[in-house]
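*Asks:* return atomic coordinates for the entry below.
(one chain, ligands or ions: 1)
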Amino acid sequence: MARTRIPVIVVAGFLGSGKTTLLNHLLRQSGGTRIGVIVNDFGSINIDAMAVAGQVDAMVSLDNGCLCCAVDPGELDTMVHKLSRPQSAIDVIVIEASGLADPRSIVKMLISSEEPGIRYGGFVEVVDAVEFDSTRSRHPEIDTQIDFADVVLVNKIDRVDADSRASVLRTLGTITPGTPLLPTEHGRIDPSFLFDEHARSTQPKVGEQLSLDDLCAHDEDDHEHLHTVYETVTFTSESPMDPRSLMHFLDHRPAGLYRLKGNVYFGLADHPEKFVLHTVGNYLRFHRRGWDSGETRTTSLVAIGAGLDTTDLTARLRDCVAPESSEHDEFSMLPILRFTDG
Ligand SMILES: Nc1nc2c(ncn2[C@@H]2O[C@H](COP(=O)(O)OP(=O)(O)OP(=O)(O)O)[C@@H](O)[C@H]2O)c(=O)[nH]1
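*Replies:* Predicted coordinates for the structure are as follows:
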């Protein structure tokens, strides 16, 4: 009997909008559905892959580049093939594009894919309700991306008031009339909205409205890929970070730094945990997590921004490493803890 093709769903959205949070939610709530993921980080440390590693059924990760440019259709087919082999028993594949990728290129590759085991299963755009207006004013071309989506998650709805929520929904309604708009908190949607349980034997819930003609109508040369204007700085340190210095850095983030994410190690007896740091625009949050067994206690950060002085940024982060001789005072973590969940 011929095998049913596995749906491949593309999750896209600007930097920090909540794609990994959505992916983690889908993985946690998947029921019996086995999800394979392709994660793509812009920096050379794959922070997103680390964030989902514990719960994913199968994963391929691509770092240091954007899936939309870094791979050709054949390479994407190879990645998808790895996940769609019968022995991996995957029901649905989710591609998390980097926050700077052009998902239309990825969708185009999927629609024209020669990989017999898969079929294109739809494109989900995650929008950050808080940053929506400022992202659009810096990158008006994002409207075209939103317009191509099969469903738009209006995420971080908990962080906006009723007026802003109505305004974002109204604007989205004009950008992409008729497309379902789902207000979400932490990406919490019912997974059955995107795929049925054991999706292999069923039709996808989103997608397949796009034809290759629709996608080809968008001329690659016509627009500047978002990532051509963004730089990445990767910072790692095995020596612990000094909480006060790091907080000072975070309070005075360099102009142009839009996204900072990764793990911070303070190495303090009363705070030995991993502090997962996220900044998105003005937003700043630490999530306290345990280290995985065998995981090296290090600080690994990826900073993404436009017009960054990368040398200065690296030097400033280096200055946040705790001096070997430093004395820890019991109050030094308080500023960090004010921004920490968990
Ligand atoms: N308050 C609030 N925070 C959220 C929500 N969704 C995500 N976040 C937080 O926003 C930050 C960024 O979320 P991610 O899921 O890492 O965003 P992303 O789109 O994967 O980021 P990139 O891959 O860097 O583009 C994290 O601190 C999340 O916990 C939400 O609905 N409400």
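*Asks:* got phi/psi on the residue in the stretch 201-342 of the chain that the ligand sits nearest to?
*Replies:* Closest contact between the stretch 201-342 of the chain and the ligand, by Cβ to the nearest ligand atom, is at His278 (3.2 Å). The C-beta positions use only the backbone N, C-alpha and C, and glycine is treated the same way. Backbone torsions for His278, taken as degrees, to the nearest 10, come to phi -130, psi 120.
*Asks:* who is it paired with across the strands?
*Replies:* For His278, the beta-bridge partners under DSSP bridges are Lys261, Arg285.
*Asks:* quick one: Trp179 and Leu153 touch, right?
*Replies:* Trp isn't right for residue 179; it's Thr. No: using Cβ atoms under 8 Å, Thr179 is not in contact with Leu153, being 11.1 Å away.
*Asks:* which one of those two is surrounded by more residues?
*Replies:* Leu153 (29 against 18; other Cβ atoms under 10 Å).
*Asks:* host element of the more buried one?
*Replies:* Take DSSP states H and E as the rule and Leu153 turns out to sit in strand 151-155.
*Asks:* which elements pack onto that strand?
*Replies:* Under the contact criterion of 3 or more Cβ pairs under 8 Å, 6 or more residues apart in numbering; DSSP states H and E, strand 151-155 touches helix 19-28, strand 118-128, helix 162-175, strand 181-183.
*Asks:* could you list every residue that touches the residue nearest to Ala97 when sequence neighbours are not counted?
*Replies:* Among residues not flanking Ala97 along the chain, Ala12 sits closest, at 4.4 Å (Cβ to Cβ, 6 or more residues apart in numbering). Shown in contact with Ala12 (Cβ atoms under 8 Å, 6 or more residues apart in numbering): 19, 97, 101, 103, 106, 123-126, 145, 149.
*Asks:* for Ala12, give the beta-bridge partners.
*Replies:* Under the criterion used (DSSP bridges), Ala12 bridges to Glu125.
*Asks:* any idea how far it lies from Ala162?
*Replies:* 27 Å (Cβ to Cβ, to the nearest Å).
*Asks:* show me what from the stretch 201-342 of the chain comes close to the ligand.
*Replies:* By Cβ under 6 Å from any ligand atom, the residues of the stretch 201-342 of the chain that approach the ligand are 259, 261, 278, 280, 285.
*Asks:* so what's the residue count around the fourth one?
*Replies:* Burial of Val280 is recorded as 21 neighbouring residues (other Cβ under 10 Å).
*Asks:* how near is the nearest residue to it once chain neighbours are set aside to the ligand?
*Replies:* Nearest residue to Val280 in three dimensions, chain neighbours excluded: Gly16, at 3.1 Å (Cβ to Cβ, 6+ apart). Note on Gly16: its distance to the ligand, by Cβ to the nearest ligand atom, to the nearest Å, is 4 Å.
*Asks:* also Met79?
*Replies:* Remark: distance between Met79 and the ligand (Cβ to the nearest ligand atom) = 18 Å.
*Asks:* list the contacts of that residue.
*Replies:* Shown in contact with Met79 (Cβ under 8 Å, 6+ apart): 38, 60, 62, 71.
*Asks:* the first one - that's part of a strand, no?
*Replies:* Yes: assigned with DSSP: H, G, I helix; E, B strand; the rest coil, Ile38 falls within a strand.
*Asks:* quick check: bridge partners of the residue nearest to it when sequence neighbours are not counted?
*Replies:* Spatial nearest neighbour of Ile38, chain neighbours left out: Ile95 (4.4 Å); criterion: Cβ to Cβ, 6+ apart. Beta-bridge pairing for Ile95 (DSSP bridges): Val10, Ile38.
*Asks:* does Ile95 touch Ile106 like I think?
*Replies:* Yes: between Ile95 and Ile106 there is a contact at 6.4 Å, judged by Cβ under 8 Å.
*Asks:* quick one: common contacting residues for those two?
*Replies:* 10, 67.
*Asks:* give me the more crowded residue out of the two.
*Replies:* Ile95 (29 against 25).
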